[in-house]
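*Asks:* what follows is a protein structure lacking sequence information:
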């Protein structure tokens, strides 16, 4: 992976216009970052727009690294898919049945 800092959103927009957009992660209206994952010929790129930190362009070596970066950004932004197989009820079974949790106030 190679990374360069980009100071202008206009530069990122110009690159995005020439690219095939693969995935968009984040939203500048609701968050502070937005990543546009795109392809230009054989180059796999991430254009990162930020309103709080430096903007950057990343170039990935192969599609595996590119796909991992997309999943990582989704996790960071809370956009990763929800695992439906998890059973959260297990953690709460029997909770509240234990009488030792009650406080005993003496006056």
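*Replies:* Looks like it came in fine. Keep in mind the model is a prediction, meaning the values are calculated, not measured.

*Asks:* ok, now which ones touch the nearest residue to residue 39 once chain neighbours are set aside?
*Replies:* Excluding its sequence neighbours, the residue lying closest to residue 39 (Cβ to Cβ, 6 or more residues apart in numbering) is residue 20, at 4.8 Å. Heads up, the C-betas are built off the backbone N, CA and C, glycines and all. Contacts of residue 20 were listed using Cβ atoms under 8 Å, 6 or more residues apart in numbering, and they are 38, 39, 40.

*Asks:* closest to residue 28 among these?
*Replies:* Taking Cβ to Cβ as the measure, residue 28 lies nearest residue 38 of those, at 16.8 Å.

*Asks:* can you tell me which helices and strands the longest helix seen in the chain packs against?
*Replies:* Determined from DSSP state H, the single longest helix within the chain is helix 63-77. Judged by 3 or more Cβ pairs under 8 Å, 6 or more residues apart in numbering; DSSP states H and E, helix 63-77 is in contact with strand 20-26, strand 33-40, strand 43-50, strand 55-60.

*Asks:* ok, which of those comes nearest residue 79?
*Replies:* Of all those, strand 20-26 comes closest under Cβ to Cβ, at 6.0 Å.

*Asks:* return the distance of stretch 11-18 from the chain's centre.
*Replies:* When C-alpha coordinates are averaged (Cα atoms, centre = their mean, to the nearest Å), stretch 11-18 and its chain have centres 21 Å apart.

*Asks:* should've said stretch 60-74
*Replies:* 11 Å.

*Asks:* hmm, back to that, buried residues in the longest helix of the chain?
*Replies:* Neighbour-count burial for helix 63-77 flags 66, 69, 70, 73, 74, 77 (criterion: 16 or more other Cβ atoms under 10 Å).

*Asks:* reformat these as a markdown table; add pLDDT.
*Replies:* Shown next, in a markdown table, are these (pLDDT from 0 to 100):
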| residue | pLDDT |
| --- | --- |
| 66 | 97 |
| 69 | 96 |
| 70 | 95 |
| 73 | 92 |
| 74 | 92 |
| 77 | 84 |
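
*Asks:* and those, which is closest to residue 31?
*Replies:* Nearest to residue 31, judged by Cβ to Cβ, of the buried residues of helix 63-77 is residue 77 at 6.6 Å.
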